[in-house]
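**Q** predicted model follows, preceded by the sequence.
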Amino acid sequence: MHNGTQELQQYQSFLQRKRAALSLALLITILAAILYMTIGSMRLTPADIFRVFLGTAEKKHVTAVKNIRLPRVLAAIVIGAVLASSGTVMQCVLRNPLASASTLGVSQGAAFGAAIGIIVFGGGMITNSNSNSTVAVNNPYIVTVCAFVFGSVSSLVVIAISRWRRGIGPGGLVLAGTALSAMFTGGSTLLQYFADDTSLGAVVFWTFGNLGNVGWKDLRFLSAVFLLCFSFCFFNRWNYNAMEAGFDTAKSLGVNAHHLMLASMAVCSLSAAAAVSFAGIISFVGLIAPHLMRFFVGNDHRYLIPGSAICGSLLLILADAAAKLIDPPVILPIGAIMSFVGGPVFLILLFRGRKEND
Amino acid sequence: MIELQDLSFSYGPTVPVLRHVNFSMDNGHCAAILGNNGVGKSSLLKCIVRILKPQSGHVLIDRTDVFSLSTEEAAKKIAYVAQNAHSSDLSVFDTVLLGRRPYIRWDATDRDKKIVVELLERLGLKHLILRSLSQLSGGEAQKVLLARALAQEPKLLLLDEPTSNLDPRNQHEVMQLIREIAQKEKICVLTVLHDLNLAIRYCDRFLLLKDHTVYASGGLDCMTPETIEQVYGMHVHRIETMGIPVIVPFPDVVPATGAQEGG
């Protein structure tokens, strides 16, 4: 008679493989971040980057890395991680594989807010000081605050609906998000219609998405947002696994499903709104990072949540690297690159998923 | 021992689902909840496990009122397997491990994993531990969900039509398993069933619902043709073949009394 040690070992090595996948993804992301920092008008080698961190590099290298490249890659990492982990959790609690900040109206709300900030409060202006961009946002804080406020309005309305009408269910919430995003898109268009050319340019530029506006101070705030969002999600990883078995089953397993859905939506959409309000619209990360990661670690949220966060960071680093490399010295809009590449990737995932289910 | 005391539930003031349901049973038994569609069988299970909040009444397990417990503590006493359980992508091992959710603080302990392995072994599922739930046959999946429920170490096991979507062989295997669980674990099993013959063969307590309340309850002796006719609005004979009680329905015969069909 054996006592099940063989099965336990089998299960442990099954988990070990998932941990290995996560470690590998993390390693690739770190390598990508180092390589990313070598890209730019000043050519640097990975060795130069190491020297900067060791404090033995030339001064101009230190300046380039510490002032421009490091904050930019950290912005990609933190924003990608926030969008991806919040997307993972939204997909779980709304029981909808299409849920993410950009499909629930959060991004559209933020874009509307940014438009108000730029057009109504005069937060945007054309400047030619920066060779990377011809249009920049003049008073980023007004725009960021407005974007965050309206991005949050989207999520709060969705949450309020589910509080008032408990019977609306996750499907209804997704539809509510779709309705809100249509409304905000219309609102943005109307604002743009009445805007002058300068503001219009700034609004359009903002919606392209840009990691270059994120400074060290913003990074500190965004890191706090990430830590909060990620800790909340990771703390509830067992509850999300229970939710995968359905709301009723989750309740019978001791999970307060309705409260968990509300709290998760609040934390995730507010975090996503914060991320988007600093960097503009970057769609698809929150949607495809979890789907990509499911291929490697499955739907077990113990591994999926950290995995998606890493994957989201990596995707944004790669997208921004592409944005810099395609037509230097012009930096293409990262939001556009992400969506342009993200669409086909999503289609591939869809077809591969179908094949496996057959 | 479990006691349902005066459970009532309605959707709004006008749509009664359950009216003053009383029932009690001892440990080690398996009770079938019977009745027509829409009479409130599934709702009764959901009220007991508090997926629905009954307007009045109590559920006592060994004299403890489970409605006074936290959801987590209640989940250590009551396990529930839904009717059309979602087929999740989790592995069989992880699905059963979810049954330990009410006990897990930060991570699953060795004891949690040991319980899972023992259950999988006992239910003949150990060759499937890394397969995902959606890849299993209906019978296998149902056994995995039973294993998950047992991992909660419950005093009361609630099953909503555990044999629907199963072929005859699997129906009997699952029902045998359920009866064995009740007897060996000394727990109460309450199961909604539509198949009267599975019910009288494998269950030893019966709760017949009609007009949203209890029409009859008790042991095998309460399953008379007259009672069944009243509850289902259909003429039946109860015969015995090779020591096995069998209900033979005659749907074309007009019942003697005006029993109404449920909605």
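**A** Everything's here; your move. Residues are numbered from 1 along each chain as shown, chains lettered A, B, ... in the order given.

**Q** next, count neighbours for the closest residue to B:K114 other than its chain neighbours.
**A** Closest residue to B:K114 apart from its sequence neighbours, by C-beta to C-beta, 6 or more residues apart in numbering or on different chains: A:G4 at 7.1 Å. C-beta coordinates here come from the backbone N, C-alpha and C atoms, glycine included. Applying other C-beta atoms under 10 Å in any protein chain shown, we find 19 residues neighbouring A:G4.

**Q** B:H29 now?
**A** Close neighbours of B:H29, defined as other C-beta under 10 Å, add up to 20.

**Q** just give the closest residue to the closest residue to chain A within chain B, not the sequence neighbours.
**A** Residue nearest to chain A within chain B (C-beta to the nearest C-beta): B:A75, separated by 3.2 Å. Using C-beta to C-beta, 6+ apart and skipping the chain neighbours, the partner closest in space to B:A75 is A:G254 (3.2 Å).

**Q** list the buried residues in the host helix or strand of A:A20.
**A** Per DSSP states H and E: A:A20 is located in helix A:5-36. Neighbour-count burial for helix A:5-36, counted by 16 or more other C-beta atoms under 10 Å in any protein chain shown, picks out A:7-8, A:11, A:14-15, A:18, A:21-22, A:25-26, A:29, A:32-33, A:36.

**Q** what about it, near chain B?
**A** Yes - judged by C-beta under 8 Å from any C-beta of the partner chain, helix A:5-36 comes into contact with chain B at A:7-8, A:10-11, A:14.

**Q** quick one, phi psi at residue 250?
**A** By default, I'm working from chain A. Backbone geometry at A:A250, expressed as degrees, to the nearest 10, gives phi -60, psi -40.

**Q** the chain in question should be chain B.
**A** When quoted as degrees, to the nearest 10, the phi and psi of B:F250 stand at phi -130, psi 80.

**Q** for burial, what's the neighbour tally of the nearest residue to it once chain neighbours are set aside?
**A** Once flanking residues are discounted, B:F250 sits nearest to B:H235: 4.4 Å by C-beta to C-beta, 6+ apart. Counted with other C-beta under 10 Å, residues neighbouring B:H235 total 18.

**Q** so who does the nearest residue to B:T71 once chain neighbours are set aside touch?
**A** Excluding its sequence neighbours, the residue lying closest to B:T71 (C-beta to C-beta, 6+ apart) is A:G254, at 4.9 Å. By C-beta atoms under 8 Å, 6 or more residues apart in numbering or on different chains, the contact set of A:G254 is B:70-76, B:101-102.

**Q** let me have the buried residues of helix A:5-36 in CSV, extended by distance to A:R72 and pLDDT.
**A** CSV is the format used below for the buried residues of helix A:5-36 (distance: C-beta to C-beta, whole Å; pLDDT from 0 to 100):
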residue, distance to A:R72, pLDDT
A:E7, 48, 85
A:L8, 46, 88
A:Y11, 42, 90
A:F14, 38, 92
A:L15, 35, 92
A:K18, 31, 94
A:A21, 27, 95
A:L22, 25, 95
A:A25, 21, 96
A:L26, 20, 96
A:T29, 15, 96
A:A32, 13, 95
A:A33, 10, 94
A:Y36, 8, 91
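
**Q** just to be sure, B:Y215 is in a strand?
**A** Yes - B:Y215: assigned to a strand according to DSSP: H, G, I helix; E, B strand; the rest coil.

**Q** phi, psi of the residue nearest to it when sequence neighbours are not counted?
**A** Leaving out its chain neighbours, the residue that sits closest to B:Y215 by C-beta to C-beta, 6+ apart is B:L208, at 4.8 Å. Note on B:L208: backbone dihedrals following degrees, to the nearest 10 are phi -100, psi 120.

**Q** what of B:D221?
**A** Backbone torsions of B:D221, given as degrees, to the nearest 10, read phi -70, psi -20.

**Q** kindly report the same for B:A32.
**A** Taking degrees, to the nearest 10 as the convention, B:A32 sits at phi -100, psi 130.

**Q** write out the residues of the stretch 201-350 of chain A neighbouring chain B.
**A** Applying C-beta under 8 Å from any C-beta, we find that the stretch 201-350 of chain A lies next to chain B at A:238-239, A:241-242, A:244-249, A:251-256, A:294, A:298-300.

**Q** please save the CA atoms from stretch A:67-85 in PDB.
**A** C-alpha atoms of stretch A:67-85 as PDB (Å, rounded to 0.1, in the frame of the first residue of the first chain):
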ATOM      1  CA  ASN A  67      16.700  60.800 -16.200                       C
ATOM      2  CA  ILE A  68      15.100  59.400 -19.300                       C
ATOM      3  CA  ARG A  69      15.500  55.700 -19.900                       C
ATOM      4  CA  LEU A  70      15.100  54.200 -16.400                       C
ATOM      5  CA  PRO A  71      11.900  56.100 -15.500                       C
ATOM      6  CA  ARG A  72      10.500  55.200 -18.900                       C
ATOM      7  CA  VAL A  73      11.200  51.500 -18.600                       C
ATOM      8  CA  LEU A  74       9.900  51.500 -15.000                       C
ATOM      9  CA  ALA A  75       6.800  53.200 -16.200                       C
ATOM     10  CA  ALA A  76       6.300  50.400 -18.700                       C
ATOM     11  CA  ILE A  77       6.800  47.800 -16.000                       C
ATOM     12  CA  VAL A  78       4.500  49.400 -13.400                       C
ATOM     13  CA  ILE A  79       1.700  50.400 -15.800                       C
ATOM     14  CA  GLY A  80       1.800  47.100 -17.600                       C
ATOM     15  CA  ALA A  81       1.700  45.200 -14.400                       C
ATOM     16  CA  VAL A  82      -1.300  47.300 -13.100                       C
ATOM     17  CA  LEU A  83      -3.300  47.000 -16.300                       C
ATOM     18  CA  ALA A  84      -2.600  43.200 -16.600                       C
ATOM     19  CA  SER A  85      -3.300  42.200 -13.000                       C
END
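
**Q** what's the closest non-adjacent residue to A:Y240?
**A** In space, and not counting its chain neighbours, A:Y240 is closest to A:H301: 4.1 Å by C-beta to C-beta, 6+ apart.

**Q** nope, B:K113 is what I was after
**A** Using C-beta to C-beta, 6+ apart, the closest residue to B:K113 is A:L8 (6.0 Å).

**Q** show the average pLDDT along stretch A:345-358.
**A** Here stretch A:345-358 scores 65 as its mean pLDDT.

**Q** tell me how many other residues surround A:V143.
**A** A:V143, neighbours per other C-beta under 10 Å, totals 28.

**Q** what's the answer for the one 5 residues further on, then?
**A** Close neighbours of A:F148, defined as other C-beta under 10 Å, add up to 22.

**Q** repeat that for B:M25.
**A** Neighbour count of B:M25, defined by other C-beta under 10 Å: 23.
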